[in-house]
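Asker: need a 3D model of the following:
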Amino acid sequence: EIIFERLYAQGARHVCLEIANGPNGYNAWGGNLPMQNLVDDYQMANGKSITDASSGFDPQNPYKNRDPRFYATILYNGASYRSNDIETFIPGGKDSKDGPSNWNTSKTGYYLKKFMNDALPINNPWDVAGTQPWIYMRYAEVLLNYAEAQNEASGPDASVYSAVNSIRKRAGMPDLPVGLTQATMRQSIIAERRVELAFEEFRYYDVRRWKIADQTENVPAYGVEVDKSGNLVTYKQKIALDGRKFSQQNYWLPIPRAEIQASNNKLQQNAGY
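Answerer: Numbers count the residues shown, from 1 in each chain. Have a look, this model is predicted:
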């Protein structure tokens, strides 16, 4: 699977992933936080979107029967973590604003699970050596790159289906539906990259090269508020961060003024700058 990687330096200490991203209930810092926007993009285990009325999605049991990659990537209320359950509910949840170090509590109601090594200490990592490499390229990305390029060149032929379905099958998901058009296959590949490569430093660049950032980044960052009253737990969407803005000009960088002057003004500044 791994094609290019950077190995953890032998003898190095200061393993920070766990304390930087773990829940505040473990006195960690809650750094990289999944948003509800991402959570909603994980399909049900039957391959249907949660917006499909026939998918079986239950808004009051929202984490049941989801894409297995959801459970491998995101810590949610009730998820198992270090032999305990995540408690983002209020009042009283140890991983909520009512827990310890509440200035580090998740603003979205979720924590990151991907990359986390439960075997490493989370509270005092400063003298612990890590072993996990950072992966620059893996085979799943190659397959998705191929599927995208081939779909754009020739449409959704058998090789495109094979590339995407091999990734889905490994994850425990059903194959894509047959009969997709080039446009619907494109959307399927976009969705597949979203969940397969989450937090692997692709999404920022993907939405810009697809020129959909003006759609995906002009909406609030949503989270979830989990309320508990006795044995009753309810889930409500909330805005975790508002005011995100992406303009058309942001698809390009400004050309430095010195370069324009050096060209005797033959270079034209990019629109919006």
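Asker: got a pLDDT number for the residue nearest to residue 168 when sequence neighbours are not counted?
Answerer: Sequence neighbours aside, residue 175 is the residue nearest to residue 168 in space, at 6.4 Å (criterion: C-beta to C-beta, 6 or more residues apart in numbering). Every residue, glycine included, has its C-beta placed from N, CA and C. Here, the pLDDT recorded for residue 175 equals 99.
Asker: correct me if wrong: residue 175 contacts residue 161.
Answerer: Yes: with contact defined as C-beta atoms under 8 Å, residue 175 counts as touching residue 161 (7.4 Å).
Asker: report the secondary structure state of the closest residue to residue 189 other than its chain neighbours.
Answerer: Spatial nearest neighbour of residue 189, chain neighbours left out: residue 148 (5.1 Å); criterion: C-beta to C-beta, 6+ apart. At residue 148 the chain is in helix, as set by DSSP: H, G, I helix; E, B strand; the rest coil.
Asker: my guess is residue 148 contacts residue 191, does it?
Answerer: No: between residue 148 and residue 191 there is no contact under C-beta under 8 Å: 11.9 Å.
Asker: for residue 223, which three-state class applies?
Answerer: Going by three-state DSSP: residue 223 is strand.
Asker: in the stretch 151-273 of the chain, which spans are helices?
Answerer: 158-171, 182-196, 203-209, 213-216, 257-262 (DSSP state H, counting those that start in this stretch).
Asker: low-confidence ranges in the protein?
Answerer: For the chain, applying pLDDT under 70 flags the ranges 125-126.
Asker: quick one: the strands in it, in order.
Answerer: 2-6, 74-75, 80-81, 84-85, 111-112, 134-138, 221-229, 232-241 (DSSP state E).
Asker: so what are the sheet partners of the second one and their directions?
Answerer: If I follow you right, that is strand 74-75. strand 111-112 (antiparallel) (DSSP bridges).
Asker: ok, the residue positioned nearest the centre of the chain - contacts?
Answerer: Using C-alpha atoms, centre = their mean, the residue of the chain that lies closest to the mean C-alpha position is residue 198, 3.5 Å off. Shown in contact with residue 198 (C-beta atoms under 8 Å, 6 or more residues apart in numbering): 34, 38, 69, 73, 114.
Asker: how close does the third one sit to residue 178?
Answerer: Think residue 69. 22 Å (C-beta to C-beta, to the nearest Å).
Asker: more neighbours, those two?
Answerer: residue 69 (21 against 7; other C-beta atoms under 10 Å).
Asker: what is the neighbour count of the residue nearest to residue 168?
Answerer: So residue 175, with other C-beta under 10 Å, has 13 neighbours.
Asker: one more: residue 75?
Answerer: So residue 75, with other C-beta under 10 Å, has 25 neighbours.
Asker: what number of residues lie near the spatially closest residue to it that is not a sequence neighbour?
Answerer: Leaving aside its chain neighbours, residue 75 sits nearest to residue 111 (4.0 Å; criterion: C-beta to C-beta, 6+ apart). Residues contacting residue 111 under the criterion other C-beta under 10 Å number 28.
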